[in-house]
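Asker: Okay, predicted coordinates and the sequence, questions at the end:
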Amino acid sequence: MKLRQENEKDHKSVFQLIEKAFEHEKYSDHKEQFLVERLRKSDAFIRELSIVAELENKIVGHILLTKLEIKNDLESFQSLALAPVSVLPEFQGKGIGSKLIMHSHKVAKDLGYKSIILLGHQDYYPRFGYELCEKYNIEMPFDVPAENCMVVSLVENGLVGVSGKVVYPPAFFE
């Protein structure tokens, strides 16, 4: 399996992949593929952090990390949003999502980012070092269960002194 940066020629395949990956997902609005399209056109997009997993020249997985901020009354902290990670249904459960997550962490760290925030399954993401946002007094801008709001530090002490409200880019709400 090859992990690489997504390119423009991949957009149609990635759109279809995301659509299929979330088709039967219970806690989904089934519009993640449109979110990715909006984010690609936004200021929050980081080309190196739109990554595909390729198997025998077929795209079977995709992950996207985009810029966000954590703000409090005194300061603002740069961070990333992980949304979404997608794997074709017939390839799920084979470690592709895990490889995408770990690879995206490395690329993000190499680019100088210190943390990633996500909304996700409380049983899945802790294996990658994700902890509850509330541990760091980081809160989401909308009402969601605390156990689904998670953050990971990409560097040692990357969350020391970080607290506040997550500010997602406008593309998340269009």
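Answerer: Received the coordinates, thanks.
Asker: Against which helices or strands is the longest helix along the chain packed?
Answerer: For the chain, the longest helix by residue count, based on DSSP state H, is helix 96-110. Applying 3 or more C-beta pairs under 8 Å, 6 or more residues apart in numbering; DSSP states H and E, one finds that helix 96-110 makes contact with strand 2-5, strand 50-55, strand 58-71, strand 76-87. Yep, even glycine has a C-beta here, placed from its N, CA and C like the rest.
Asker: Turn the ones you listed into CSV, including distance to Asp110, mean pLDDT and mean neighbour count.
Answerer: Compiled in CSV, the helices and strands packed on helix 96-110 are given as follows (distance: least, C-beta to C-beta, whole Å; pLDDT from 0 to 100; neighbours: other C-beta atoms under 10 Å):
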stretch, distance to Asp110, mean pLDDT, mean neighbour count
strand 2-5, 12, 98, 13
strand 50-55, 13, 98, 20
strand 58-71, 12, 98, 22
strand 76-87, 13, 97, 22
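Asker: what about the residue nearest to the spatial centre of the chain, distance to Gly120?
Answerer: Closest to where the C-alpha atoms of the chain average out (C-alpha atoms, centre = their mean) is Leu82, at 1.2 Å. Taking C-beta to C-beta, to the nearest Å as the measure, Leu82 falls 8 Å from Gly120.
Asker: How about Glu23, nearest residue that isn't a chain neighbour?
Answerer: His30 (6.9 Å; C-beta to C-beta, 6 or more residues apart in numbering).
Asker: show me the contacts for the one you found.
Answerer: Glu19, Phe22, Glu23 (C-beta atoms under 8 Å, 6 or more residues apart in numbering).
Asker: Select from those residues the one having the most neighbours.
Answerer: Phe22 (18 neighbours; other C-beta atoms under 10 Å).
Asker: which residues does that one contact?
Answerer: Ser28, His30, Glu32, Gln33, Pro84, Ser86.
Asker: Please repeat the previous calculation with a cut-off of 6 Å.
Answerer: Applying C-beta atoms under 6 Å, 6 or more residues apart in numbering, one finds that Phe22 lies in contact with Ser28, His30, Glu32.
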